[in-house]
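Novice: no sequence on this one, just coordinates:
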């Protein structure tokens, strides 16, 4: 695995020779490909051969290109970074919408946390004290704008958003919802179960009288008026 971060700042030509990256400028330099972890091309006056780019991709070396202001503008990434990449692509294509949304939220959350770490380090240098209050689940409901109404469009997505937010911020592992089947179809409930199973979160639905159908994946318990439990066994 590579350990070098190579930054190209001047007008040169980069090419491949005997498993080495050759830097041809005023002075010719050579670096073994397997020693490179990241290649940053900071100058726009750099010429790179396709053979070298292909070899860098094969070795999972990140290549970052900068614009005329020396700011990162793009990067080169392989289509197939592992032996099972095609299998992963097919699996991800078949993901349900809540799973895709959940993965995207995790990515965005990590980006926000990364930005927060940068800001925190800057504030630490300035010795500015920061305080914050832990949000309550009721606050998260308001943020997610979750309202139980007959118009159920987007209710599944908002419920998933609420679960993800509470898990991330309050570290909760189980949720109880009342009369949720009144506002969601069986297919939506099934997708919610799959999301909770993926996130390893417990889910309990409390419904009224048994006017709703039971899904195959559900374990149900009926509680009578005298508080007796009737366990459904199939």
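Specialist: Noted; the coordinates are in hand. Predicted model only: the values in this text are computed from it and were never measured.

Novice: from here on, contacts and neighbour counts on C-alpha atoms
Specialist: Will do.

Novice: would you map the strands across the chain?
Specialist: 4-8, 13-17, 20-24, 29-32, 36-41, 47-48, 62-66, 72-76, 174-178, 202-206, 221-223, 229-231 (DSSP state E).

Novice: which of those sits closest to residue 111?
Specialist: strand 72-76 (16.9 Å; Cα to Cα).

Novice: gap between the closest one and the chain center?
Specialist: Going by Cα atoms, centre = their mean, to the nearest Å, the spacing between the C-alpha centre of strand 72-76 and its chain's C-alpha centre is 20 Å.

Novice: from here on, call the first residue 25.
Specialist: Yep, numbering from 25; the last one is strand 96-100 now.

Novice: still on that earlier bit, and the strands of the chain, which one's lowest on average pLDDT?
Specialist: Of all those, strand 253-255 carries the lowest average pLDDT, namely a mean of 52.

Novice: residue contacts, residue 39?
Specialist: 45, 46, 47, 72, 73, 75, 76 (Cα atoms under 8 Å, 6 or more residues apart in numbering).

Novice: would TSV of the strands of the chain with distance to residue 143 be doable?
Specialist: Shown next, in TSV, are the strands of the chain (distance: least, Cα to Cα, whole Å):
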stretch	distance to residue 143
strand 28-32	25
strand 37-41	37
strand 44-48	37
strand 53-56	36
strand 60-65	25
strand 71-72	36
strand 86-90	24
strand 96-100	20
strand 198-202	33
strand 226-230	35
strand 245-247	50
strand 253-255	53
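
Novice: nearest to residue 178, out of the ones you listed?
Specialist: Ranking the strands of the chain by their distance to residue 178 (criterion: Cα to Cα) puts strand 198-202 first, at 16.5 Å.

Novice: by how many degrees do the closest one and strand 226-230 diverge?
Specialist: Strand 198-202 runs at 20 degrees relative to strand 226-230, counting by axes from the mean of the first three to the mean of the last three Cα atoms, to 10 degrees.

Novice: picking that back up, now, which of the contacts of residue 39 sits nearest residue 61?
Specialist: Nearest to residue 61 among those: residue 45, at 12.6 Å, using Cα to Cα.

Novice: distance-wise, check the residue lying closest to the closest one once chain neighbours are set aside relative to residue 241.
Specialist: Residue nearest to residue 45 in three dimensions, not counting chain neighbours: residue 55, with 5.2 Å by Cα to Cα, 6 or more residues apart in numbering. Using Cα to Cα, to the nearest Å, we find residue 55 at a distance of 57 Å from residue 241.

Novice: so between those two, which is more surrounded?
Specialist: Neighbours per residue (other Cα atoms under 10 Å) separate residue 55 from residue 241, with residue 55 holding more: 16 against 9.

Novice: what residues are up against that one?
Specialist: 44, 45, 46.

Novice: the second one reaches residue 56, doesn't it?
Specialist: I take that to be residue 45. Yes. Between residue 45 and residue 56 a contact is recorded at 6.2 Å, counting by Cα atoms under 8 Å.
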